[in-house]
Every structure is written in C-alpha cells, then in structure tokens.
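J.: Just need the structure, nothing else, for what follows:
(one chain, ligands or ions: 1)
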Amino acid sequence: MRLRVSAILPLVLCAALTMWAHVGSPDVYFEGDAGPYHLFVTVRVPQVIPGVAEIRVRCASGDVQTMQFVSMRLSGPGSNLPPTPDLAQQSREDPQFFTGSLWLMESGALRVRIRVHGAKGEGEVSVPVPSFAQRTLTMDKPLKGILGLLMLFLAVGMVFIAGAAVREGNLAPGEKPAPSKIRRAKMVMAITAGVVVGVLYLGRAWWGAEAGNYERGVNFFRPPVAETTLENGNRLLIRARGQDKEWSNQVKMEEVIPDHNHLMHLFLIRVPGMDRLLHLHPERIEGGAYAEDLPAISAGKYQVFADVVDKAGFPWTLVGEVKLPQINGKPLTGDDSSWSGAPLTKPTGEASTFLLQDGGHMTWERTSGPLKANTAMNFTFSVQTKEAKPVQDLEPYMGMAGHAEFVRSDMNAFAHVHPAGSVAMAALELAQAGVLEAPPAMSGGMAMGAQSAEVSFPYGFPQPGDYRIFVQIKRGGQVETGVFDAHVE
Ligand SMILES: [Cu+2]
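T.: Below you'll find the model as predicted:
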C-alpha cells in the first residue's frame, strides 16, 4: 500500500507543476548593468513552489557570448553557496536575446544571479526574486478518476493475492485446496482488507496534512492586511496583519529595512475613480505600527497600499481600505507628495500628454496599438516645460529619476516601479552582496534622470484590464505627478 501512495505522489506533483511587494503582479522586471553589459531581465515566477521560473534577458549590446543563471537565497545562510549555474540559451534569430529556466525550490527572498561573459570580459548582476506559491493547483477530474480506479484495483488486488497465496501457494498441479486452507485464506483476506483500509486511511491523513501545510504556505505569502485607525482627526496608524497566524512570528514590522530612504511607502488612492493619490512615508512607532500625520485630504474611501521590505529582503505590500473625512491637515513635507485630478477614463490607446501642476507636460512615449498583458515593455515618459521644450532640470526624487505606480481599476494589481524595474530597491542592494564587482544599484535611473528629460520604467501589465499609471518626478524641488490611463488586452 505504501507503494501505492508513493506511486500517486509524483503524478500529483506533475499535475501541480503547470504558476510579490506587489499585489497581483508577481513577475520580476529589471533593467541594469552586469559589469560592462546593460541588461533587460524578465523573470516569470512559477505559480507553485517548487516550480520553474522562466528567465529572459535582452542585452543592449551585441558583444555578449555566454550567460549563466543560478538561483539562490537573497540573504542569510546559503546566500553565497550557489549550486551549479545553468547555461542560458542564446536565440538564433536574435543573438542579443538569452533565455533559460530555473527551479525555485523554496519560498522566500531569492535572487537570480546572472553571469555574463563577452568581448568586454565578465560581468555579474543579481536580480531579487520573491518566491512563493500563489495558489494550490487542483487535480483535474479525469486524472482523479483514473488514479481512483487504479487505487481501487490495487487495493482489491492485494486482498485477493494474499488470499490466493495462502489457499493455493503450495499446491501441486491439479490438486484441490483443502477446506482448512480455504478457511485460512478467508481469514487472511479479511485481515489484509483491514490492513489495506488502515494504510489507505493513514495515507489520506498524511496527504491531508501535507495539503494543509501547503495551503498555509500560500496564505502566508498573501498580501498582509493594512489595519488602519484615525487618531486625533488626522493621525493615521497602520498595523500589518498577516493572512496566516505564523506571519507575524516570522515577519517583524519592527525589523523592516529602509527602501529608498523610507521604511514604508504608503499610497492612498481614492476609489473608485482613482482621482486622488497620496504618496506618504509613515514613521515607525511603538510595537511595529506606523503613523503619519495626514496632509489635506478630501473625504472619501481610499485604497491603502503600503510597501515594506523585511530584513531578509522580501518585499511586502500591505493592502487595506480606509474611509477618511475631509482633513485639513499639515502641509506636505519631505518626500511626501499628492495629486488630485480627473477620475479614470476609457483609455484611447494613443500617445498621450498630461498637463502637470506646474504648467509643464508629461508625455507617454508609446507605440500605438493595443497593450498586451504579460509583455515586458519600457514605459518611457518625457517631460516638457510650459513652452513645450524638453526640461533640463529633472532632479532625483528619493534617489531615482522617477517612481511609477501601476494600479488596476479593481485594485487587484498594484506595482511600485522604478527605472531599475519592479524589484524592491532595498532587495536589489542586498542582492548585490558578493557579486564580481558590485554595480551601484540605482546608477541607471539617477545618472540618466539628472540630465535627461525622460524617465523610463521596465514593466509588464500582469493581467488584462484598465490601469492608471501614476508617474512621479521632481523638478525645482517640487514633485510632479503625471497620470495616464491604459487599457490592456
Ligand atoms: Cu519609489
């Protein structure tokens, strides 16, 4: 019987192997340098763990000869003991394009190390990959039926084989079994049946326990709930509650690490129209809670997304909703910013220009035609002065050329993206520990942003639907927010 259970297990696992600080946007997009080589990396994470991640890398230059991928832990034990790397496959039609697949064997903060060899020598970069099971895949009915029948056949077969062995085991050819042997055979069959039922029962219990563990793992990595309370009229308190009991034992809100200058990036988006956005940075207070004295806010229901990165480098987005009254509040300070304007419209699908609050413009430099889900793209936005000239004075905003928030109209997808991609910047910095020569994680965005009138974000919409993209840049000490609506097929 034990044989039976273990024979079924691999089949079930096969059926299961067919796919976050972000919400509903698990794939990782990254743009950056591996030594002298500029890379654009997409990691499609599996829905179940263990599972296979697909990696695609486009090189900016044609001088890359070979590329190797390996996955390992982002930090802590084992993070500098990589297994043997896999050689990436170079596309025949497009030699600047490399692909490969990697097994992700465990959940948590992992990284994919990419080692490049080419005409300019060696280069290396590590891309942080949050690895977690997104759901439990179910077995399909026909397979369930076949396996059930096989199990029944084997179970019944076992009983009859035991009976036959006792009854006819040492008979000479043509000899009839004695009545005593027939009686013993019946008894043995009854005992075997009991044992078979017992083993099946234990197998089922074991299976149930395993499935329960897996389910708890899936819940563990669901976005934690942002529990909010409003104190003294304008002080917003935020506490995280995991979807699994174990969460708060393992992820300590007292120990989150700073991610581009702040422990928490809090986004309040008025729903349903997404006509107000606040991007705030609450301070940590006693007991792992976070607090912010709110600026002026118009009344309404607000969606809460709060990004933090835990000490292992795993990015979490707390998700919640809060009803706020009209708040007169304090003026915005530091890196805090806000925007208000028109609600989400039916997107046109053409390049669009947005009037900024300072009278300048932001233009989404997009190719016309439909936007497709799960397609890696470079979202490029240019900024013009009131006189329609390219601006000369973009300055870093929290160390980067820009920050973009991609939000689906039903709030089921949210990603806070930078010129380096959808990876959390704090995790990216952790990931570079021990690479050949650590490239400054933020260089791309900052250096370009300081001179250029453009900012671009590598990303891909995770699912079809309507999205609003908030693009935040800084000019003359002021944060400006460009807002673009997109329909994705
Ligand atoms: Cu940001």
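J.: who's residue 403 bridged to?
T.: residue 472 (DSSP bridges).
J.: Enumerate every residue touching it.
T.: By Cβ atoms under 8 Å, 6 or more residues apart in numbering, the contact set of residue 403 is 279, 397, 416-418, 471-472. Heads up, the C-betas are built off the backbone N, CA and C, glycines and all.
J.: Export these as a markdown table, with columns for distance to residue 383 and neighbour count.
T.: Putting the contacts of residue 403 into a markdown table (distance: Cβ to Cβ, whole Å; neighbours: other Cβ atoms under 10 Å) gives the following:
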| residue | distance to residue 383 | neighbour count |
| --- | --- | --- |
| 279 | 18 | 25 |
| 397 | 12 | 23 |
| 416 | 20 | 26 |
| 417 | 17 | 22 |
| 418 | 16 | 28 |
| 471 | 9 | 23 |
| 472 | 11 | 22 |
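J.: for the nearest residue to residue 328 once chain neighbours are set aside, what are its contacts?
T.: Distance criterion Cβ to Cβ, 6 or more residues apart in numbering; nearest residue to residue 328, sequence neighbours excluded, is residue 296 at 5.8 Å. With contacts defined as Cβ under 8 Å, 6+ apart, the neighbours of residue 296 are 327-329, 331, 338.
J.: Which of those residues sits closest to residue 141?
T.: residue 338 (51.7 Å; Cβ to Cβ).
J.: Assess the claim that residue 35 and residue 117 are in contact.
T.: No. Look at residue 35 against residue 117 with Cβ atoms under 8 Å: they stay out of range, at 9.8 Å.
J.: quick one, which of the two is more surrounded?
T.: Using other Cβ atoms under 10 Å, the more surrounded residue of residue 35 and residue 117 is residue 35, with 19 against 16.
J.: re the thing from before, any idea which of the contacts of residue 403 is least confident?
T.: Among the contacts of residue 403, residue 397 carries the weakest pLDDT, at 91.
J.: so that one makes contact with residue 473?
T.: Yes. Using Cβ under 8 Å, residue 397 is in contact with residue 473, at 6.2 Å.
J.: Mutual contacts of the two, please.
T.: residue 479.
J.: The residue nearest to residue 471 when sequence neighbours are not counted: how many residues sit nearby?
T.: Distances taken as Cβ to Cβ, 6+ apart place residue 482 nearest to residue 471, at 4.2 Å, with adjacent residues excluded. For residue 482, the count of nearby residues is 26 (other Cβ under 10 Å).
J.: model confidence over the longest helix along the chain, on average?
T.: What stands out as the longest helix in the chain, according to DSSP state H, is helix 179-220. Averaging pLDDT along helix 179-220 yields 91.
J.: same for the next helix-or-strand element following it, what does it pack against?
T.: Tracing the chain past helix 179-220, the next element assigned as helix or strand by DSSP states H and E is strand 225-231. Using 3 or more Cβ pairs under 8 Å, 6 or more residues apart in numbering; DSSP states H and E, the elements in contact with strand 225-231 are strand 235-241, strand 300-309, strand 315-324.
J.: what helices or strands is the first one leaning on?
T.: In this case it means strand 235-241. strand 225-231, helix 247-250, strand 290-293, strand 300-309, strand 315-324.
J.: residues in contact with the last one?
T.: When you say that, I think you mean strand 315-324. By Cβ under 8 Å, 6+ apart, strand 315-324 touches 20-23, 128, 130, 223-228, 230, 236, 238, 240, 251, 259, 268, 271, 294, 297, 299-310, 411, 414, 416, 424, 426-427.
J.: Going through those residues, which ones are buried?
T.: 20-23, 128, 130, 223-226, 228, 236, 238, 240, 251, 259, 268, 271, 294, 297, 300, 302-310, 411, 414, 416, 424, 426-427 (16 or more other Cβ atoms under 10 Å).
J.: Distance check, the nearest residue to residue 256 once chain neighbours are set aside against residue 397.
T.: Leaving aside its sequence neighbours, residue 256 sits nearest to residue 308 (Cβ to Cβ, 6+ apart; 4.3 Å). Residue 308 is 19 Å from residue 397, where distance means Cβ to Cβ, to the nearest Å.
J.: Please apply the same query to residue 333.
T.: 14 Å.
J.: wait, which of the helices and strands packed on strand 225-231 is closest to residue 93?
T.: Taking the helices and strands packed on strand 225-231 one by one with Cβ to Cβ, strand 315-324 is closest: 35.0 Å.
J.: Restricting to C-alpha, output that closest one in CSV.
T.: The C-alpha trace of strand 315-324 is given here as CSV (Å, rounded to 0.1, in the frame of the first residue of the first chain):
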residue,chain,number,x,y,z
PRO,A,315,9.0,42.8,-0.3
TRP,A,316,5.5,43.0,1.1
THR,A,317,2.6,45.3,0.2
LEU,A,318,0.0,45.7,3.0
VAL,A,319,-3.4,46.1,1.5
GLY,A,320,-6.5,47.7,3.0
GLU,A,321,-9.2,50.3,2.7
VAL,A,322,-9.9,53.4,4.8
LYS,A,323,-12.8,55.8,4.9
LEU,A,324,-11.5,59.3,5.5
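J.: need the next SSE after it, C-terminal direction.
T.: In N-to-C order, the element after strand 315-324 by DSSP H and E is strand 337-340.
J.: Counting by contacts, list what that following strand packs against.
T.: strand 276-280, strand 478-488.
J.: ok, now with 6 Å
T.: strand 276-280 (3 or more Cβ pairs under 6 Å, 6 or more residues apart in numbering; DSSP states H and E).
J.: contacting residues around the strand it packs on?
T.: 266-270, 292, 336-340, 470 (Cβ atoms under 6 Å, 6 or more residues apart in numbering).
J.: returning to that earlier point: check the offset of the longest helix of the chain from the chain's centre.
T.: Distance, stretch centre to chain centre, for helix 179-220: 39 Å (Cα atoms, centre = their mean, to the nearest Å).
J.: quick one: terminal-to-terminal distance for stretch 270-288?
T.: 26 Å (Cα to Cα, to the nearest Å).
J.: in that stretch, what counts as buried?
T.: So stretch 270-288, judged by 16+ other Cβ under 10 Å, has buried residues 270-271, 274-282.
J.: go on, stretch 328-342?
T.: Within stretch 328-342, the residues scored as buried using 16+ other Cβ under 10 Å are 335-339.
J.: Output the residues you listed as CSV; include the columns distance to residue 59 and pLDDT.
T.: Converted to CSV, the buried residues of stretch 328-342 look like this (distance: Cβ to Cβ, whole Å; pLDDT from 0 to 100):
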residue, distance to residue 59, pLDDT
335, 34, 92
336, 38, 91
337, 35, 92
338, 39, 91
339, 36, 93
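J.: Now tabulate the residues you listed in CSV and tack on distance to residue 165.
T.: Shown next, in CSV, are those (distance: Cβ to Cβ, whole Å):
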residue, distance to residue 165
335, 79
336, 80
337, 80
338, 81
339, 80
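J.: OK, contacts around residue 261?
T.: residue 398.
J.: how does it look with 7 Å?
T.: Counting by Cβ atoms under 7 Å, 6 or more residues apart in numbering, residue 261 touches 335, 398-399.
J.: Fine by me, thanks again.
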